[in-house]
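> this one's structure only:
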């Protein structure tokens, strides 16, 4: 659980965390650095509570399973999907 007052997640913050299965980003998160969830193969659920996310670094979701459950506010789903897809490259 990442708190509501955290605005930026640094590079490789949760990279290769073998026991991480669920993560929830609070309402204040604006930036995710490079490879934040890189190679987290056991992750099953990612939740975005806020509407402020603007930047997702490269390879942030590389190595994350394809069938991971990603949840966000209804109005932000398309925007976040685009950011996530661009970050995988």
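Okay, I see it. If you're wondering where the values come from, they're calculated on a predicted model, not measured in any experiment.
> in the lowest-mean-pLDDT helix or strand in the chain, what's buried?
None of the helices or strands of the chain scores lower by mean pLDDT, DSSP states H and E than helix 77-87, at a mean of 91. Buried residues in helix 77-87, counting neighbours by 16 or more other C-beta atoms under 10 Å, are found at 80, 83-84, 87. Just so you know, the C-beta spots here come from the backbone N, C-alpha and C atoms, and that holds for glycine as well.
> pLDDT below threshold where in this structure?
With pLDDT under 70 as the threshold, the chain has no low-confidence stretch at all.
> residue 55: what's it in contact with?
By C-beta atoms under 8 Å, 6 or more residues apart in numbering, the contact list for residue 55 reads 30-32, 83.
> show me which pair in those is furthest apart.
Using C-beta to C-beta, the contacts of residue 55 reach their maximum pairwise distance at 30 and 83, which is 11.7 Å.
> find the residues that touch each one of the two.
53, 55.
> on that earlier part again, by neighbours, which of the contacts of residue 55 wins?
residue 32 (27 neighbours; other C-beta atoms under 10 Å).
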